[in-house]
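Engineer: With the sequence up front, the predicted model follows.
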Protein chains: 2
Amino acid sequence: MVPRQDIRLCVDAVVFGYTAEKSISVLLIKRTIEPFIHDWALPGGFVLNGETLEDAVTRELLTEAGVHINYLEQLYTFGRPERDPRGRIISIAYFGLVNPTNFKLAASSDAEDARWFDIKHLPALAFDHGEIVATAVKRLRNKIRYEPIGFELLDKKFPISDLEKLYETVLDRPIDRRNFQKKMNHFGILMGHNEKQKHPSAGRPAKLYSFNEERYFQLKQEGIMFEI
Amino acid sequence: MVPRQDIRLCVDAVVFGYTAEKSISVLLIKRTIEPFIHDWALPGGFVLNGETLEDAVTRELLTEAGVHINYLEQLYTFGRPERDPRGRIISIAYFGLVNPTNFKLAASSDAEDARWFDIKHLPALAFDHGEIVATAVKRLRNKIRYEPIGFELLDKKFPISDLEKLYETVLDRPIDRRNFQKKMNHFGILMGHNEKQKHPSAGRPAKLYSFNEERYFQLKQEGIMFEI
């Protein structure tokens, strides 16, 4: 009763990078094979018979870009019949936000090159990868409204302006800083320290904060926001 | 360069039903074939080569439960290698919330029976469908915190208590009604009418409201909530 299917399955990774230079980048690789040979694309490839989807995406990131990132979450499954010129190939996309300085890229035999690209200046992408990146950007912007972020991205101790900058960069718009600090206090995920910045880039040294880890991960589970 | 894959693809539908009796139900069908013959399961089946994932889930709902529901959204893709005893079969799950009184169930040749089950009293489900339902319940509860709901579920004009009841039922807990009304006013999605309930179930007839459609669908696009 299992009909003959001529559909294949791949995974693709949208790895966003955040640095304090106020930009979000995405990790791309340059393809070595047809179709779209020499074009930029998301790291990804076919799922092997026995591996989980998460293992497949971790393996592809390692073999194509030389990075080990195993905490991506599922974004969406792209299944338009004509999305791949080779035939019916469905892509299960994963995404995540990392600090690029923690990862040294190394294009392997499966890719000509691997690089971070500012999401505002992307090259033409293979397949429907432009649509996948756009979906991931939208999800990321939405996600920070119901989940705390910053833990893996900021220094262990940081001035609150670093956290504000992170939100402004992801949202790509200014935020009301006074309101932001009020909300953050309300959530109780920040701990203030009797310590100031050592080398402020401008003005007086600012007070330093760190995340209250327990509370942070509790709220990541429960979700923040609109309490009705 | 396309490796031999022995993976097949199916879709499954988690259709939730809401009625004013303060319960959420889910549409299940009784299987006519192995594995899990005669067990209850989510409507679903194999994707045909040329059809979109959405068409596949619409077709399966029609052939297994006799209902035409084409506005489900993608929930999650379940890919654990051992989730199906027949081999590697990945399921792309969809979900939605409907008013069951709009649909007349009719089990077809592909199912022995089709019925709504209260999500608090589910039978043992085939495959990992229990996990899929649990994921959908969690998503539904989260979703109503960043998207307005109710438009397709309530009468055209309704007392505000009907909307409160909907939120309480989905969340499965009481809400702060005063705060709720304040938030709803703030969003501007409700219009009050100079009209009262005709047949109140108890007490004085309540004021009637309807959704401001334009605003409702605008906020569905933009997302409600935590404005930072």
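Structural biologist: Cool, the structure landed. Numbering: from 1, shown residues only, chains lettered A, B, ... in the order given.

Engineer: for chain A, which spans come out with low pLDDT?
Structural biologist: A:1-3, A:225-228 (pLDDT under 70).

Engineer: Could you pick out the longest strand of chain A?
Structural biologist: As assigned by DSSP state E, the longest strand anywhere in chain A is strand A:8-19.

Engineer: quick one, the helix or strand just after that one and strand A:8-19 angle?
Structural biologist: Sequence-wise, the next helix or strand downstream of strand A:8-19 (DSSP states H and E) is strand A:23-31. Counting by axes from the mean of the first three to the mean of the last three C-alpha atoms, to 10 degrees, strand A:23-31 lies at 140 degrees to strand A:8-19.

Engineer: Show me what strand A:23-31 pairs with in its sheet, parallel or antiparallel.
Structural biologist: If you go by DSSP bridges, strand A:23-31 pairs up with strand A:8-19 (antiparallel), strand A:40-41 (antiparallel), strand A:111-118 (antiparallel).

Engineer: Tell me the gap between it and the middle of its chain.
Structural biologist: Remark: strand A:23-31 is offset 11 Å from the chain centroid, using C-alpha atoms, centre = their mean, to the nearest Å.

Engineer: Next: stretch A:70-79.
Structural biologist: Counting by C-alpha atoms, centre = their mean, stretch A:70-79 is centred 11 Å from the centre of its parent chain.

Engineer: Can you measure across that stretch, start residue to end residue?
Structural biologist: Stretch A:70-79 stretches 24 Å from its first residue to its last (C-alpha to C-alpha, to the nearest Å).

Engineer: Specify the helix with the largest residue count in chain A.
Structural biologist: For chain A, the helix with the greatest residue count under DSSP state H is helix A:129-143.

Engineer: Span of stretch A:123-137 from start to end?
Structural biologist: 16 Å.

Engineer: Tell me which residues of stretch A:29-36 come out buried.
Structural biologist: Buried residues in stretch A:29-36, counting neighbours by 16 or more other C-beta atoms under 10 Å in any protein chain shown, are found at A:29, A:30, A:31, A:32, A:36. Bear in mind the C-beta positions are built from the backbone N, C-alpha and C, glycine included.

Engineer: correct me, but residue A:195 touches residue A:159?
Structural biologist: No. When contacts are counted by C-beta atoms under 8 Å, residue A:195 is not listed as touching residue A:159 (10.6 Å).

Engineer: Neighbour count: the two, which is higher?
Structural biologist: Per other C-beta atoms under 10 Å in any protein chain shown, whichever of residue A:195 and residue A:159 has more neighbours is residue A:159, with 19 against 12.

Engineer: Look up the residues forming beta bridges with the more buried one.
Structural biologist: Using DSSP bridges, the bridge partners assigned to residue A:159 are residue A:208.

Engineer: tell me the contacts of it?
Structural biologist: Residues near residue A:159 by C-beta atoms under 8 Å, 6 or more residues apart in numbering or on different chains: A:197, A:200, A:206, A:207, A:208, A:209.

Engineer: List buried residues within those residues.
Structural biologist: Buried members of these, scored by 16+ other C-beta under 10 Å, are A:197, A:208, A:209.

Engineer: domain ranges for chain A?
Structural biologist: A:7-143, A:158-222 (automatic domain parsing).

Engineer: Give me the contact list for stretch A:110-119.
Structural biologist: Contacts of stretch A:110-119 (C-beta under 8 Å, 6+ apart): A:16-17, A:23-32, A:38, A:40, A:43, A:45, A:63-66, A:100, A:105-107, A:123, A:133, A:137.

Engineer: quick revisit: of the domains of chain A, which is nearest residue B:77?
Structural biologist: Judged by C-beta to C-beta, the one of the domains of chain A that comes nearest to residue B:77 is domain A:7-143, at 4.7 Å.

Engineer: Can you give me the end-to-end span of the closest one?
Structural biologist: For domain A:7-143, the end-to-end distance is 31 Å (C-alpha to C-alpha).

Engineer: In chain A, mark out all the helices, start to finish.
Structural biologist: A:53-65, A:129-143, A:160-171, A:177-187, A:213-222.
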